[in-house]
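[1] For reference, the sequence and a predicted model appear below.
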Amino acid sequence: MTVFPIFRLTAAISLALLLGACASSGDSPTGTPSEVQEIQAQLLGDMPLPAASKIIGSDSLIIGRGDNWVGRVVLSGVQSPTDIYAFFQSEYPRAGWTTISAVKSKTSILVFTKGDRTATVELNEGSLAGPKTLITITASPKNANVVAPSKK
């Protein structure tokens, strides 16, 4: 008869540990808001980010740093997708980026260029338990040599 309470206790502890691990992934830099903003600016250079957005490290691949990084950065945003879309449309041109394409829909896409770089911003609505908006920024050289696969 003591097996049932032990099983329930073990199940409750396991569930608590699992939920605790999910809640504290530790992906994003920590510290005061200004310290987090400074770290993100060092990583992403001249790419302004919406207020209080945080990098999701497990989904990001940042090669290099500053104004010459390439790869993909995924951020959690606390504003609505509409507000974040408006942020990118207004702030990127102010930072010297030229808007090439902008499509607002369930999944919004914005494409910018600056010098020899291209940045694609994808915005998706977040989940109920997660951020309001998932922001994916992909940065690459504008004229990267892309070789099409050969047909055999």
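    Yes, it's here. Numbers count the residues shown, from 1 in each chain.

[2] pretty sure Gly66 contacts Gln42?
    Yes. At 6.8 Å, Gly66 counts as touching Gln42 under the criterion of Cβ atoms under 8 Å. C-betas here are computed from N, CA, C, even on glycine.

[3] so what's Asn143 closest to, chain neighbours aside?
    Leaving aside its sequence neighbours, Asn143 sits nearest to Asp116 (Cβ to Cβ, 6 or more residues apart in numbering; 6.6 Å).

[4] Equivalent analysis for Gly115, please.
    Counting by Cβ to Cβ, 6+ apart, Gly115 lies nearest to Lys142, which is 7.8 Å off, once chain neighbours are set aside.

[5] just Glu122 next, same as before
    The shortest distance from Glu122 to any non-neighbouring residue, by Cβ to Cβ, 6+ apart, is to Thr136 (4.3 Å).

[6] Quick check, the one you found in contact with Gly77.
    No. Between Thr136 and Gly77 there is no contact under Cβ under 8 Å: 10.8 Å.

[7] more neighbours, those two?
    The residue with more neighbours, out of Thr136 and Gly77 and counting by other Cβ atoms under 10 Å, is Gly77; that gives 23 against 18.

[8] how far away is the more buried one from Phe87?
    Going from Gly77 to Phe87 by Cβ to Cβ, to the nearest Å gives 9 Å.

[9] Now do the shared contacts for those two.
    Residues touching both Gly77 and Phe87 (Cβ atoms under 8 Å, 6 or more residues apart in numbering) are Pro50.
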